[in-house]
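Asks: The sequence and its predicted three-dimensional model are supplied below.
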Amino acid sequence: MRGRFILFFILSVILFSSCTGENKWQMAADIENAILRTSFPADTFNITDFGALQGDTNKLCTAAITSAIIKCNAAGGGVVLVPEGKWHTGPVTLLDNVNLHISENATLLFSTDYSQYLPPVLTRWEGMDCYNIHPLIYACDAKNIALTGKGTIDGQASDKIWWWMNGNPDYGWKEGMNSQRLAGRPLLLAFEQNQTPVDKRVFGLEGALRPQLINFNNCNTVLIEDLTLRNSPFWVIHPVRTDNFILRGVTIISAGPNSDGCDPESCSNVLIENCFFDTGDDCIAIKSGRNNDGRRWGIPSQNIIVRNCRMAAGHGGVVIGSEISGGFSNLFVEECEMDSPELLRVIRIKTSECRGGVVENINVRNIKVGHCSEAILNINLMYEPNENCARDFPPFVRDVTLDNVTSKESKYGVYIVGLENTVNVSGITVSNCDFEGVEEGASITGAEKVTFRNVKINGNKAEI
């Protein structure tokens, strides 16, 4: 059954139970209290003691940083210190109990020599498992690790470095050049659909699958704090199957293609607070694997808190999907500000019948929005309709609540696109919201139990 419901028409009558409201937000407090915190010995390992020299692009500090990390780890842990100055390096791999600290007025600049990022390592790329170009900062099977300090980590990506591999002329690609859309991406998509063994999915530079700035794979108890992260080749921060993850006080500025700010994938117990995002794609995008790979692992993301963050440019402020086949539950977003002509959506859920999975218990409150190009709340169960995949896995979205959200400009207040032949979006509550400068009100298809309570659009009371 498919229905289309616009503002001022009654969709359904909702009964509110005692499980809503403050009781749900007590769950957020319980989640935060359960998150494990990093802790490091006071021992400090200055990279200059291992031969690091600053300011010379011909003398990379890779070996010195690696030696300091290995020594720190062998000693039982501590701080690997990057002091004030500019330091050029190749890829960095963190080990247990190591806090890589980028001092104030220090910049870690990553090499623009692609060969530095070989051989490939185990990672996920757009929700699909593979061996790919080494992320600029990487950890695998590590615990109690951190990136801290008031310095800067700069991937040095640009239209001439990394971004052109996207295959878009707007980012420097030209006819005759390789790209991910011509090489690695369609092959990896085929590997995922055919469930080719992961050890056979190996991509080097010829695959043009750009690496993440920071990728933690199967880690536990992680902190990223106070840094400025710039110019990522691809996704900026990508924790995969990494639990007890805290991102705090970080500034992320990366305008390249697919420059998602932070993408926790199949992660549990995550806190993102006091951060600033200005990105070329989603600011925060929660994931749990793509299609067969996500179902094979069957590890959902769950228990994620986002608060006191500011979002500027981005395809979405806080997004779920599209690689969400393992499912997701328990999101709490509060006290955030979002405003940019290049911010497309505020809260977005994107999935499809390729993905499957259940997305539920999404809670958003006290959000101030200035300019948003499309919608304050966008739910789309027909994302990427031309994707070549088995479409036997209907997704479900249920129990989504927005409370006390204000906005100054957008095309829609709420925009929901459900499935054509079944209703898999249910329990959407928008309360105490004031949306101004809205062009087309609300557009809702393929959803049930959608309720507006004390909602104003362009100054008029809106009821559904």
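Replies: Structure received.
Asks: Would you mind giving the domain segments of this protein?
Replies: Segmentation of the chain into domains, based on automatic domain parsing, reads 1-25+304-331+341-464, 35-281.
Asks: Quick check: end-to-end length of the last one?
Replies: Okay, so that is domain 35-281. This stretch, domain 35-281, spans 28 Å end to end (C-alpha to C-alpha, to the nearest Å).
Asks: for stretch 400-419, same thing?
Replies: 17 Å.
Asks: same question, stretch 99-112
Replies: End residues of stretch 99-112 are separated by 25 Å (C-alpha to C-alpha).
Asks: Go ahead and flag the most central residue of the chain.
Replies: residue 263 (2.1 Å; C-alpha atoms, centre = their mean).
Asks: check contacts around it.
Replies: For residue 263, the contacting residues are 235, 237-239, 282, 284-287, by C-beta atoms under 8 Å, 6 or more residues apart in numbering. C-betas here are computed from N, CA, C, even on glycine.
Asks: same deal with residue 313?
Replies: By C-beta under 8 Å, 6+ apart, the neighbours of residue 313 are 255, 278-280, 340, 342-343.
Asks: Looking at those, which one is closest to residue 400?
Replies: Ranked by distance to residue 400 (C-beta to C-beta), the contacts of residue 313 are led by residue 343 at 19.6 Å.
Asks: neighbours around the closest one, how many?
Replies: Counted by other C-beta atoms under 10 Å, the residues lying close to residue 343 total 26.
Asks: just residue 223 next, same as before
Replies: Counted with other C-beta under 10 Å, residue 223 comes out at 21.
Asks: what's the answer for the one 4 residues further on, then?
Replies: By the other C-beta under 10 Å criterion, the neighbourhood of residue 227 contains 24 residues.
Asks: Spatially nearest residue to it, not counting backbone neighbours?
Replies: Distances taken as C-beta to C-beta, 6 or more residues apart in numbering put residue 250 closest to residue 227, at 5.4 Å, once the chain neighbours are dropped.
Asks: Quick one, grab the pLDDT at that neighbour.
Replies: Residue 250 is assigned a predicted lDDT (pLDDT) of 99.
Asks: cool, and residue 464?
Replies: 70.
Asks: and what of residue 181?
Replies: 96.
Asks: what do you get for residue 127?
Replies: Residue 127 is given a pLDDT of 98.
Asks: residues in contact with it?
Replies: With contact set as C-beta under 8 Å, 6+ apart, residue 127 has these partners: 265, 287-291, 293-294, 323, 325.
Asks: ok, 10 Å please
Replies: 192, 240, 263, 265-266, 287-291, 293-294, 321-326, 355 (C-beta atoms under 10 Å, 6 or more residues apart in numbering).
Asks: Now intersect those residues with the strands, please.
Replies: If you go by DSSP state E, these have 240, 321 in strands.
Asks: From the contacts of residue 127, keep the buried residues only.
Replies: In terms of neighbour count (16 or more other C-beta atoms under 10 Å), the buried residues within the contacts of residue 127 are 192, 240, 263, 265-266, 287-291, 293-294, 321-326, 355.
Asks: What pairs with the helix or strand hosting residue 404, parallel or antiparallel?
Replies: Applying DSSP states H and E as the criterion places residue 404 in strand 396-409. Strand 396-409 sits in its sheet next to strand 358-371 (parallel), strand 425-435 (parallel), going by DSSP bridges.
Asks: Mind putting those strands into a markdown table with distance to residue 32 and mean pLDDT?
Replies: Conversion of the strands paired with strand 396-409 to a markdown table gives the following (distance: least, C-beta to C-beta, whole Å; pLDDT from 0 to 100):
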| stretch | distance to residue 32 | mean pLDDT |
| --- | --- | --- |
| strand 358-371 | 14 | 98 |
| strand 425-435 | 23 | 98 |
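Asks: Can you show me the helices along the stretch 51-200 of the chain?
Replies: Read by DSSP state H, counting those that start in this stretch, the stretch 51-200 of the chain holds these helices, from start to end of the chain: 62-74, 184-194.
Asks: For these, give me CSV that also has mean pLDDT and distance to residue 166.
Replies: Formatted as CSV, the helices of the stretch 51-200 of the chain follow (pLDDT from 0 to 100; distance: least, C-beta to C-beta, whole Å):
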stretch, mean pLDDT, distance to residue 166
helix 62-74, 98, 26
helix 184-194, 98, 10
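Asks: And these: which comes nearest residue 412?
Replies: helix 184-194 (30.7 Å).
Asks: Give me the residues contacting the closest one.
Replies: Under C-beta under 10 Å, 6+ apart, the answer for helix 184-194 is 125-130, 132-133, 165-167, 178-180, 196-198, 200-201, 203-210, 289-294, 296, 354, 387-390.
Asks: right, and the helix or strand after that helix?
Replies: strand 214-217.
Asks: For that following strand, name the packing helices and strands.
Replies: strand 121-125, strand 137-140, strand 143-148, strand 220-225, strand 237-240 (3 or more C-beta pairs under 10 Å, 6 or more residues apart in numbering; DSSP states H and E).
Asks: what distance separates it from the middle of the whole chain?
Replies: 12 Å (C-alpha atoms, centre = their mean, to the nearest Å).
Asks: Can I get it in CSV? Just the C-alpha atoms.
Replies: C-alpha atoms of strand 214-217 as CSV (Å, rounded to 0.1, in the frame of the first residue of the first chain):
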residue,chain,number,x,y,z
ILE,A,214,41.8,7.9,9.9
ASN,A,215,40.6,4.3,10.0
PHE,A,216,40.4,2.1,13.1
ASN,A,217,39.5,-1.5,12.3
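Asks: Within the sheet, what are the partner strands of that strand, with directions?
Replies: strand 137-140 (parallel), strand 237-240 (parallel).
Asks: coming back round to it: which of the contacts of residue 313 count as buried?
Replies: Taking 16+ other C-beta under 10 Å as the criterion, what is buried in the contacts of residue 313 is 255, 278-280, 340, 343.
Asks: From residue 201, how far off is residue 389?
Replies: To residue 201, residue 389 is 17 Å away according to C-beta to C-beta, to the nearest Å.
Asks: More neighbours: which of the two?
Replies: A count of neighbours by other C-beta under 10 Å puts residue 201 above the other of residue 389 and residue 201, at 23 against 17.
Asks: Tally up the residues packed near residue 33, please.
Replies: Residue 33: 7 surrounding residues under other C-beta under 10 Å.
Asks: what distance separates the helix or strand hosting it from the centre of its chain?
Replies: For residue 33, the host element (DSSP H and E) is helix 22-34. Mean C-alpha position of helix 22-34 versus that of the full chain (C-alpha atoms, centre = their mean) differs by 22 Å.
Asks: for this protein, what are the low-confidence residue spans?
Replies: Within the chain, the ranges that satisfy pLDDT under 70 run 1-21.
Asks: what do you get if the cut-off is 80, keeping everything else the same?
Replies: Counting by pLDDT under 80, the low-confidence segments of the chain come to 1-22, 463-464.
Asks: pretty sure residue 253 is in contact with residue 275, am I right?
Replies: No - here residue 253 does not reach residue 275: they are 11.4 Å apart, not a contact under C-beta atoms under 10 Å.
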